[in-house]
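Q: Give me the fold of what follows.
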Amino acid sequence: SIQLLRDGCKYTDIPYSPAGGGCGGAMRAMCIGLRYFSEADEDKLIAVSIESGRMTHNHPTGFFGAMVSALFTAYAIREWGRRMMSGPLVKAKEYIIGSGKRNSDKYEGQVDYFTKAWTDYLALRKIDKEQQSATFPEAYGVPQRDRFYKSISYEGWGGSSGHDSVIIAYDAILGAGSNFEELVNRGVLHGVDNDSTGVICCAW
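A: Numbering: from 1, shown residues only. Prediction:
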């Protein structure tokens, strides 16, 4: 994608990428949340983060990951998973439809994949409804976390995709509370794609 842009390709003409569900868009999108952190700027945050992600990761799993990364940075300044599902994710789907026919036919099933991953995660932690505190297993040490991180991944490398990089970062935030050392233990010091999840959770 970068070479295409260097060669003069417009960012709106970057082709759909079946393998574009990686976490690179999410890793670099936190600054967008710092810029557009107010509720009044939410539509702008959604548009800018999706377009930023779409430039290099033109696949819903990739660019929706960028949106969540930016959004949760804004929420860390304002306030956060269930809210994203009921408002911004709906707006994000409307945005990619409303921004023209750019690969919308190819996005169809992939949008549902991202949404289901988050729906399942919020239900697992029992924060999909009114409960405010996440529920974790009694035994949730390094081996258990690594197994969980791998279980929500594409191909066993947890944190390497747009959906699981932000879920793992959020899981670490929920589990660590205000304890930064515990945040690092959960979000950075694990056996899968830890640089991705680490940079995201520490920014939040």
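
Q: drop to CA atoms for contacts and neighbour counts, all remaining ones
A: Fine.

Q: Can you give me the separation between the closest residue to Asp164 other than its chain neighbours and Ser161?
A: Leaving aside its sequence neighbours, Asp164 sits nearest to Ser153 (Cα to Cα, 6 or more residues apart in numbering; 6.0 Å). Ser153 is 7 Å from Ser161, where distance means Cα to Cα, to the nearest Å.

Q: One more: Phe37?
A: 24 Å.

Q: Any stretches of this protein with poor pLDDT?
A: 77, 79, 99-101, 131-132 (pLDDT under 70).

Q: which residues in it form helices?
A: 2-6, 24-27, 30-35, 42-56, 60-77, 82-86, 88-98, 104-124, 142-151, 162-176, 180-187, 194-203 (DSSP state H).

Q: The fifth one packs against which elements?
A: The one in question is helix 60-77. Judged by 3 or more Cα pairs under 8 Å, 6 or more residues apart in numbering; DSSP states H and E, helix 60-77 is in contact with helix 24-27, helix 30-35, helix 42-56, helix 104-124, helix 162-176.

Q: Could you identify which of those helices is most buried?
A: helix 24-27 (a mean of 28; mean count of other Cα atoms under 10 Å).

Q: can you list contacts of that helix?
A: Contacts of helix 24-27 with the rest of the structure, by Cα atoms under 8 Å, 6 or more residues apart in numbering, involve 52-54, 56-57, 62-63, 65-70, 162, 165-166, 196-197, 199-200.

Q: Go ahead and flag the most central residue of the chain.
A: In the chain, the residue lying closest to the centroid (Cα atoms, centre = their mean) is Gly65, at 2.9 Å.

Q: Surely it and Ile167 touch.
A: No: applying Cα atoms under 8 Å as the test, Gly65 and Ile167 come out as separate, 9.1 Å apart.

Q: Of the helices and strands packed on helix 60-77, give the one that comes closest to Arg145.
A: With Cα to Cα as the criterion, Arg145 lies closest to helix 162-176 of the helices and strands packed on helix 60-77, at 9.3 Å.
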